[in-house]
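> Provided below for reference: sequence and predicted model.
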Amino acid sequence: MRFMFVGDSMTIGRAGDFTWRYRMWRHLNAAYGGPFAIVGPRTGLYDADAPVSHAYGDPGFPAQAWPHLAGWGEGWQHMAPVVRDAVAAHRADILLVSLGLIDLGFYTDSDRTALYAREFIAEARAANPRVRIVLLPVIPNTRADTDPEFAAEVDRFNVLLAKAVADLDNAVSPLLPASRPASYDIHRDTYDGTHPGPSGEHLLAGAFADAMHQAWGLGAPYPFTRR
């Protein structure tokens with residue numbers, strides 16, 4: 001089974017982060033009962049305005065588990081044109097996707113972002129007609145506390161994303177909505193109101209792990225206890 005992480009700055013992480021990708025890799029090592037690989041065209045963390053660092057929080061995180069398709073400042077509109085080549089080149093079986101905050105915050109509105117999400121799904125399937133995709137809704141960041149219009153766009157996009165999943169899901173290439181972790185709190189689970197700290201990383205990994213376990217029987221529930 002070949003997993004590819006797809007996302008924005010919350011997924012790529014910055015120098016010194018563990019990242020939720022690392023947390024998921026550790027969970028798969030413990031809970032997935034077969035061989036697996038982490039795949040993708042990129043490996044770096046963001047540092048000095050470029051994805052050039054490999055200074056992960058755990059120096060024992062092996063290079064073969066670094067790959068991803070994530071970028072600081074990138075959203076659905078950036079990933080839709082590149083996902084076909086990435087899935088084809090790296091033979092990805094399952095995409096774990098967390099995108100949308102950047103699109104809504106800087107580039108476009110919920111309607112256009114939803115169209116990019118549908119394009120992304122079509123492009124991924126063009127590379128692998130049997131690809132499975134797990135999609136996390138946008139988690140509002142601290143901007144939503146003071147910008148009601150932005151908060152409304154996030155809520156509306158999440159509705160449109162759920163509709164896209166309902167419209168496009170099929171047995172050959174299933175689309176699986178993950179749930180926002182019920183206890184996720186941007187004031188204690190992020191370091192700046194957007195990007196996950198250690199507890200946030202566990203909660204995001206857990207959202208994907210629990211969705212796959214509940215829907216597909218893959219792995220096990222994610223074992224995270226808040227301290």
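Thanks, I have the structure now.
> could you use CA atoms for every contact and neighbour count after this?
OK.
> the strands in the protein, which residues?
2-7, 37-38, 45-47, 50-53, 69-70, 94-98, 132-136, 175-177 (DSSP state E).
> mind giving me the packing neighbours of the longest one?
In terms of contacts (3 or more Cα pairs under 8 Å, 6 or more residues apart in numbering; DSSP states H and E), strand 2-7 is packed against strand 37-38, strand 69-70, strand 94-98.
> how near is Ala144 to Leu99?
Ala144 sits 16 Å away from Leu99 when distances are taken as Cα to Cα, to the nearest Å.
> who has more neighbours, these two?
Legend: neighbour count by other Cα atoms under 10 Å for Ala144 and Leu99, higher for Leu99 (27 against 16).
> buried residues of the lengthiest helix in the chain, list them for me.
Taking DSSP state H as the criterion, the chain has its longest helix at helix 148-168. By neighbour count on 16 or more other Cα atoms under 10 Å, the buried set for helix 148-168 is 150-151, 153-158, 160-162, 164-165.
> make CSV from those and add distance to Ser199 and pLDDT to it.
Formatted as CSV, those follow (distance: Cα to Cα, whole Å; pLDDT from 0 to 100):
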residue, distance to Ser199, pLDDT
Phe150, 25, 96
Ala151, 23, 97
Glu153, 26, 97
Val154, 23, 98
Asp155, 24, 98
Arg156, 27, 98
Phe157, 26, 98
Asn158, 23, 98
Leu160, 28, 98
Leu161, 26, 98
Ala162, 26, 98
Ala164, 30, 98
Val165, 28, 98
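> closest one to Arg118 out of those, please.
Closest approach between those and Arg118, by Cα to Cα: Ala164, at 6.7 Å.
> once you drop chain neighbours, what's closest to that closest one?
Setting aside the residues directly before and after it, Ala164 is nearest to Arg118 in space (Cα to Cα, 6 or more residues apart in numbering), at 6.7 Å.
> so where's this protein shaky on pLDDT?
227 (pLDDT under 70).
> all helices for it, in order.
With DSSP H as the criterion, the chain has helices spanning 9-12, 20-31, 76-79, 83-90, 101-102, 110-127, 143-146, 148-168, 198-216.
> residues contacting the closest residue to Thr43 other than its chain neighbours?
Distances taken as Cα to Cα, 6+ apart put Pro67 closest to Thr43, at 4.4 Å, once the chain neighbours are dropped. By Cα atoms under 8 Å, 6 or more residues apart in numbering, the residues touching Pro67 are 4-5, 38-44.
> check the offset of stretch 125-141 from the chain's centre.
8 Å (Cα atoms, centre = their mean, to the nearest Å).
> correction: stretch 55-64
On Cα atoms, centre = their mean, the centre of stretch 55-64 falls 19 Å from that of its chain.
> what about that stretch, start to end distance?
Stretch 55-64: ends 14 Å apart by Cα to Cα.
> over to stretch 42-61?
End to end - Cα to Cα - stretch 42-61 spans 15 Å.
> in this structure Gly200 contacts Ser183, no?
No: contact criterion Cα atoms under 8 Å: Gly200 and Ser183 do not qualify, at 9.7 Å.
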